[in-house]
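**Q** What shape does this take:
(2 chains)
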Amino acid sequence: MTVTVAAIVVANSADLYLAETLSQLSKQLHPIQQVMVVDTASSVETAELVSSYGFSLIQPGDLPLGAAVSAGIAGLAQQPQWIWILHDDSAPEPNALSQLARAAELSESVAVVGPKLLRWELPVEIQQLGLTVTPTGKPFLLVESEFDQGQFDISSDTLAVSTAGMLVGFDVWKTLGGLDDRSPVLAQDIEFSLKVRAAGYRVVVEPSAKVLHAGLSMQGKRARKWLGGGYRSAIAKAHLHLATLLAPAILIPFIYLLLPLGVLAQIPFNLVSKRLGKSVGQGSAWLWGWFTWPSRLAARKRLRSIGSLAAVGSLVATRKQIRQKQSKELEFPPEDTKNRQKGFFASGAFYLSLLVPVLSIGGFPLGALRTQSSVIGRSFESIWENTGVTGVQYLAGVAYPSDPFNWFFALLALLPISPSLALNWFVFLSGSLAFIAAWLLLGQLTKKTWLRNLAALGFALSPQALVLQSTAAVVELAVVVFTPLVLYLLLKTKSAFNAPRSWRWTALAGLAGTVVAIANPVVFGLIFVFAGFIALSSIRRAPQLLASFIPGVALLLPWLETTLRLQWELFALTSSARVIAVDQSLWYLIGLAAVVVVACFVSSATLALGVAALVTILMIVDRLLGFGYAEVSALIMLAVAALLVAVIDSLKRQQAKAIAATTTSLFVGSSAILFGVLAQRPIQAEDLVAPALVVAQADAESSTRTLLISFEPSLTADLIWGDGRSVDEESVLYSALGAESELKLQLANLTAQLVAANPAEVGALLDDLGIDFVLVAGNSAQALSTKASVSGMEFFQISGDSQFGSLFRVTTPVSQPVFAASAMFRDAQLAILGLFALLVIPTPATIRGYRRRGVR
Amino acid sequence: MNALAKGLSATVALLLVGAAYLVPSNQSEISVSPDEYSIDVNPLPLSIACSGSFVEVAGRSGVEVGKIEQVDSARVRYQSTEELEVPSSTTGYLPISAPGEEQSTKLLSAIQYQNVDRPRASGLLAGYCEQPVTNGWFVSGDGGAGKETVLIAANPNTVDTQLLVEIHLGDTVITERFVIGPQREQLISLAALVGVEPSYAIYFESGGAGLVVAIQHRYSDGLNSLGVSLDTAVRQADTNLWIAPVEILAEGYESPRLRLFAPTAGATVLVTYHSSSTRTLSQQVSLKSGELLELELELASGTYAIEVESDVPVAASVLNPSLAPLDYQWLSPLESLSELYLPIPGVPTELALLNPTSNTIRVTGQVFSQAGVEEIQLQLSPNQIQLLPIVGNRLALSADLNFMAALQLKTASGYAVINPSENSNPGQSLSVLIR
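**A** Prediction:
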């Protein structure tokens, strides 16, 4: 007996998918009583397409899936025994219906038969072979993304099948009421199958019936309202809905009450797995669930009223099946090792990176560098007090944001050594780090190992980079090291194999970019421009590329808000540790101009113009701001190195290559000797910025205050907090803008009294100001006279001389000043950094991407 | 891409790179000036001290080893707006104090002078009674045969203090420490410290309150005395020094000698000799760090003001010999003043006025004597020095710009120069910068 079948095609648009679907329907070997196309978009094109095949058409308006199918059934001329539901993106093979019909005929208990869904673009890969749910009710595909080698070609019972290609008994459909549009779209097919099961029928999947399925809904190619939101949201809603249907009644209140906790607990896992949208979807599903819980319970009641679900348990996905599916995510095709770019070790880059610090072995880190910018707080806690806070340690505390670059100091302070020693190590290794960063970046321009190594060395050993190292210019070195790294990571973000891997590159770029942002916002802005350009060439990666700037912007925001309000130019000056350097940029610009011209003729003019434009913007902004960024010349050298790689790589004559390479090598060698080996380096010593006695007291009592009196060039007083003013405790804003405070007059009075040797008000002022020590700096006649004055007063005890001056301890009890900086933004900034750190953690998807040749 | 497009690209790129450098560079000043407060504090009473009379080493005959003492007495003259009781002569150091909020030489200033006529020493000793200081330089250390240098250090305070003395001998520095009790004086013969070293610089520093420090020289040839000198002007090393009046008093006998010392770093020094009677001369010399350089000044007769300009702070002094009368005087750098009140010694005296500025200045003043008040009014062109004979008890000078002044004394027994400085304690209008 041949079963009678009517096909219902729910179409949403007249495109190539629908044309192919209708074409394939017209080729079916099994007779179809009537093909009814339900056009929910009511388009003329669909009507013309359908009429060209002679199929029936109704245009009932914009209906959801269940209603659309019902409308199609209502429009049938004759009642069939079975109806075959197809989406507009599901094209069946010619024998698909005959195989489904055969399966339907085998047993009277079979009410629903589903086909094997194959990927539209890759028909050898199985997209879906029956549906089920996990023990918690989440929709689960038993077979997914498997090559179809016939290994699953056994007709079997399944919990559910997709509506795409579903053959369902007409009577059963009518009896059970079809798809329930009140349920989430992605739960409707499973819910319907559950009803079929509850009614005592079977749901089977017939692998010999093949339907190509594009899965436009899953790929987000349909209007969002089709799914009732994004895919993540739709799947989360389906999960909650099915959990309500299947869970024991006693658990349902707990499920809904614990929903928020579940959503929050999932956030870290979703970040680690680079599925950021999942948390958003889960959050919206939680709200949806809380506002529509009566509907879920009503659906449960309707399902349960049909019959028992006892038999369903055996069809739910087992833990073994779930684990197997997860492990398959790590599988990857064998890669071709031919023509592969040499890695960090195989290329010899590792050994070159070790060679770079050898050139500056005279600066081997043994202690703190004694320069103006190289002594930071003596502990992480000390530096953390001045990181990301509003309130700098001057006078009684001034409500300015601390210098953004203090975040970098705090990062170094996490190392298990003295923070200043860690900073010294950073300076010492900066050459190696710059080499590695440049090596990674230049690898994007050439496959030639020798050229990559040579150009990276040219950058790391350029005169300006070495000068910055020998002068311990920490902020500038941070820019020099991290800028090429960020550029590399952004390029990797763009070219990543898959989204999870792209997100991982994004996170790395975001964290590295943060260092650039807090060291030099202008360079950070230029990197943003660069990212904008590469986003234009890869729109699908634009969200990741833009997201990589979030941490940097987050750390700069309080700074920007304040500087734009007070003196906008200061936004670009984020650290008190910046050094003043002689402007050598002319020589680098001349070099760049020469390479740019050559590159225009022998290599890529676009690259040359782009590089020239970026350098020009950087130079102009630098000159207009007038801060004299010392790292600009080094960054120009990076541009020169990149263009040199492009030029030499393009040269066809070996002789020309040899001349260019030899010239570059000579330059690198000369620079390394003159500015590396022969450079004079800062002395190293203890990380103290105040006399040891002050430090010891500050360790015991954080409210310690020292009045520093100096006479160079004129009588100056400064109130120093705690264990001295290290560079992280200095403030760009206070240095540039100063601040009003009543303390200033008191300090001036006290200083004048001490200098004049008049003790009349000294005791009271010491108490009011909470001063524990007086430090008189210098050996000028005035300084010595003041020392004599102070030593003769009853309030002081002579406490010795040091490199900082003569110290006098206040012997009378003084009040303890209290000040707490506001860290209101820091927690949010930390949270953002934490989120990006979670994104960095490798996951199966990123590892799978890594093992793909050429598209890492 | 054809050659034209490549050429166009190269041109645009070159223009971009060129434009980058041609943009005028701003120099942003990111450091705000500290707030300045002018504070008035009651200053301590103004205290000065005279170093006392001639110090004789090894007794009258010169054979009493270890003996060092002040002999005879020095005449003391002072002027003050307060009623003070000050002895007219002293042997040991003499502290003088005057209370007052407005402090300057008007409140208190004093000088001392003494005709020395001993078997082994003769000449005129004169000096200004200075405020105690905590540190300073002398570059006039002399040693060897016929040269004797004595450091006189007095502690006018109520607590003892430690005096650090550094003898700078080129590459070597000899350091000695002396504890000086309260209101005590220490006479230190430097010969014991430096041996036969012909010349050296001396740095001293008090470990506590300020001291009154002076340096005395005695020159002789065998048993014949050639002269004595007292230098009470303690000065800091500086980049611009003026030494005056350098009057050529021993032409054909012995030339003045300029001694230069670079205490902190190598220096390039320009020495200019200003004189109204001859053209201005100059010479440039270089000193290594710690080097003591002596220049013999072959100058025509006249009165000179010697300007010392250096790229780093240096110390300087001039040893000026006198033939008739036979004597020596070490001249230290002068201090810049806006007004000056000074007693006048009771010996033939000339007032030396110097204009160290590049503008013409007008100096006015009065010389007070028993006979009445004599007005002084004169104009000094830039870098001009002028000597005026004065007779009286005291003088008062002021000018529209800063000037320098000294008293040159010439008697039958000797020649000396008194080099005054401002007297004041910090207190009034103290300018304090608060960071």
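
**Q** Now the biggest helix by length in chain B - C-alpha only, CSV.
**A** Secondary structure of chain B read by DSSP state H shows that its longest helix is helix B:3-22. Below are the C-alpha coordinates for helix B:3-22, written out as CSV (Å, rounded to 0.1, in the frame of the first residue of the first chain):
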residue,chain,number,x,y,z
ALA,B,3,55.2,53.5,-12.5
LEU,B,4,53.2,56.7,-12.4
ALA,B,5,51.0,55.4,-9.6
LYS,B,6,54.0,54.2,-7.7
GLY,B,7,55.7,57.6,-8.1
LEU,B,8,52.6,59.3,-6.9
SER,B,9,52.4,57.0,-3.9
ALA,B,10,56.0,57.6,-3.1
THR,B,11,55.5,61.4,-3.3
VAL,B,12,52.5,61.4,-1.1
ALA,B,13,54.3,59.2,1.4
LEU,B,14,57.3,61.5,1.4
LEU,B,15,55.1,64.5,1.9
LEU,B,16,53.4,62.8,4.8
VAL,B,17,56.7,62.0,6.5
GLY,B,18,58.0,65.5,5.8
ALA,B,19,54.8,67.0,7.2
ALA,B,20,55.3,65.0,10.4
TYR,B,21,58.5,66.8,11.1
LEU,B,22,57.5,70.2,9.9
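
**Q** and the helix or strand following that helix, what does it pack onto?
**A** As assigned by DSSP states H and E, the chain's next helix or strand after helix B:3-22 is strand B:35-39. When contacts are defined as 3 or more Cβ pairs under 8 Å, 6 or more residues apart in numbering or on different chains; DSSP states H and E, strand B:35-39 packs onto helix A:742-755, strand B:430-434. No exception for glycine: its C-beta is placed from N, CA and C like everyone else's.

**Q** Not counting the first one itself, show me its contacts.
**A** Pointing back at helix A:742-755 there. Residues outside helix A:742-755 that contact it (Cβ atoms under 8 Å, 6 or more residues apart in numbering or on different chains): A:395-396, A:707, A:709, A:715, A:717, A:719, A:759-762, A:765-766, A:768-769, A:771, A:774, A:782, A:785-786, A:789-790, A:793, B:35, B:37, B:39-41, B:426-427, B:430, B:432, B:434.

**Q** Distance-wise, check B:D221 relative to chain A.
**A** Per Cβ to the nearest Cβ, to the nearest Å, B:D221 is found 38 Å from chain A.

**Q** follow-up on the earlier one: looking at the helices and strands packed on strand B:35-39, which is buried most?
**A** Of all the helices and strands packed on strand B:35-39, helix A:742-755 has the most neighbours on average by mean count of other Cβ atoms under 10 Å in any protein chain shown, namely a mean of 22.

**Q** if you average pLDDT over that helix, what comes out?
**A** On average, the pLDDT along helix A:742-755 is 93.

**Q** quick check, the helix or strand just after it touching chain B?
**A** Proceeding N to C from helix A:742-755, the next assigned helix or strand is helix A:762-769, under DSSP H and E. No - shown here: helix A:762-769 not in contact with chain B (Cβ under 8 Å from any Cβ of the partner chain), separated by at least 10.4 Å.

**Q** could you give me the average pLDDT of helix A:762-769?
**A** pLDDT averaged over helix A:762-769 gives 91.

**Q** ok, back up a step: export the helices and strands packed on strand B:35-39 to a markdown table and tack on distance to A:G510?
**A** A markdown table is the format used below for the helices and strands packed on strand B:35-39 (distance: least, Cβ to Cβ, whole Å):
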| stretch | distance to A:G510 |
| --- | --- |
| helix A:742-755 | 41 |
| strand B:430-434 | 42 |
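
**Q** coming back round to it: I'd like to know which of the contacts of helix A:742-755 are buried.
**A** Using 16 or more other Cβ atoms under 10 Å in any protein chain shown as the burial test, those include A:395-396, A:707, A:709, A:715, A:717, A:719, A:759, A:762, A:765-766, A:768-769, A:771, A:774, A:782, A:785-786, A:789-790, A:793, B:35, B:37, B:39, B:41, B:426-427, B:430, B:432, B:434 as buried.

**Q** What's the end-to-end length of stretch A:573-585?
**A** Taking Cα to Cα, to the nearest Å, stretch A:573-585 runs 19 Å from one end to the other.

**Q** Please enumerate residues in contact with that stretch?
**A** The contact list for stretch A:573-585 (Cβ under 8 Å, 6+ apart) reads A:371-374, A:403-406, A:463-464, A:467-468, A:471-476, A:518-521, A:556, A:559, A:619, A:627-628, A:630, A:632-633, A:636, A:727, A:730-732, A:735-736, B:21, B:25, B:30.

**Q** Buried among these? Make that a PyMOL selection.
**A** Selecting only the buried entries of the contacts of stretch A:573-585 in PyMOL, with 16+ other Cβ under 10 Å as the criterion:
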select buried, (chain A and resi 371+373+374+403+404+405+406+463+464+467+468+471+472+473+474+475+476+518+519+520+521+556+559+619+627+628+630+632+633+636+727+730+731+732+735+736) or (chain B and resi 21+30)
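
**Q** Quick one: residues contacting the nearest residue in space to A:A679 that is not next to it in sequence.
**A** Closest residue to A:A679 apart from its sequence neighbours, by Cβ to Cβ, 6 or more residues apart in numbering or on different chains: A:S470 at 3.7 Å. By Cβ under 8 Å, 6+ apart, the contact list for A:S470 reads A:S360, A:G363, A:F675, A:G676, A:A679, A:Q680, A:R681.

**Q** chain center to the top strand by length along chain A, what's the gap?
**A** Using DSSP state E to define each element, chain A has its longest strand at strand A:202-213. Averaging C-alpha positions (Cα atoms, centre = their mean, to the nearest Å) puts strand A:202-213 41 Å from its chain's average.

**Q** per-residue confidence at the nearest residue to A:S538 once chain neighbours are set aside?
**A** Excluding the flanking residues, the one nearest A:S538 by Cβ to Cβ, 6+ apart is A:K494, at 4.8 Å. pLDDT for A:K494: 92.

**Q** I'd assumed A:L76 was in contact with A:T4.
**A** No - counting by Cβ atoms under 8 Å, A:L76 is not a contact partner of A:T4; they are 10.7 Å apart.

**Q** Give the residues shared as contacts by the two.
**A** Residues touching both A:T4 and A:L76 (Cβ under 8 Å, 6+ apart) are A:Q33.

**Q** Next, the contact list for the closest residue to chain B within the stretch 51-200 of chain A, please.
**A** At 35.8 Å from chain B, A:E121 is the closest residue in the stretch 51-200 of chain A, using Cβ to the nearest Cβ. A:E121 makes contact with A:A214 under the criterion Cβ under 8 Å, 6+ apart.

**Q** Three-state assignment for it, please.
**A** Secondary structure for A:E121, judged by DSSP: H, G, I helix; E, B strand; the rest coil, is coil.

**Q** Show me how the chain divides into domains.
**A** No chain in the question, so chain A it is. Residue ranges for the domains of chain A, per automatic domain parsing: A:5-219, A:381-677, A:692-724+A:740-810.

**Q** my bad, the chain I had in mind was chain B
**A** According to automatic domain parsing, the ranges for chain B are B:43-235, B:236-325.

**Q** Could you save those as TSV and add columns showing mean neighbour count and mean pLDDT?
**A** Formatted as TSV, these follow (neighbours: other Cβ atoms under 10 Å in any protein chain shown; pLDDT from 0 to 100):
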stretch	mean neighbour count	mean pLDDT
domain B:43-235	20	91
domain B:236-325	18	91
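
**Q** Fine, thanks again, bye for now.
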